[in-house]
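# how would this look folded up:
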Amino acid sequence: MSKIIDLTGKKFGRLTVLGLASLENSVTFWHVRCDCGKEKVIRRSNLYGGAKSCGCLKIESRSGYRFGRPPSPIAKQRAELRKTYSPPNK
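Reported below is the predicted structural model:
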């Protein structure tokens, strides 16, 4: 069995590791807190594999909201321009 590397305090995108949650069949699960405030348990491989948030980032990118605040007027204009000038899907 390999030695467990302590990830406590490290940041992965918006996720901050709070501590080890569990160890099951040589798979480590870590307790993390997202910048939005939500806490979650996530596999180590998912942290290193590119997990950036608890899921709030995906929701914000679709809606334009960031940390519960509506987008600024400039951000709205940019989003409209992207929609207008984006190439059609083939």
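
# the helices in the chain, which residues?
All helices of the chain, identified by DSSP state H, fall at 44-48, 56-63, 73-85.

# tell me the helices and strands packed up against the last one.
It stands for helix 73-85. The contact analysis (3 or more C-beta pairs under 8 Å, 6 or more residues apart in numbering; DSSP states H and E) places helix 73-85 against no helix or strand. Where C-beta positions appear, they are placed from N, C-alpha and C, glycine not excepted.

# the most centrally placed residue in the chain and residue 31, how far apart?
With distances taken as C-alpha atoms, centre = their mean, the residue of the chain nearest its centroid is residue 53 (1.2 Å). From residue 53 across to residue 31, the span is 15 Å (C-beta to C-beta, to the nearest Å).

# repeat for residue 55
According to C-beta to C-beta, residue 55 stands 16 Å off from residue 31.

# in TSV, list the helices of the chain along with mean neighbour count, mean pLDDT and distance to residue 24.
TSV is the format used below for those (neighbours: other C-beta atoms under 10 Å; pLDDT from 0 to 100; distance: least, C-beta to C-beta, whole Å):
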stretch	mean neighbour count	mean pLDDT	distance to residue 24
helix 44-48	14	89	11
helix 56-63	13	71	26
helix 73-85	10	72	42
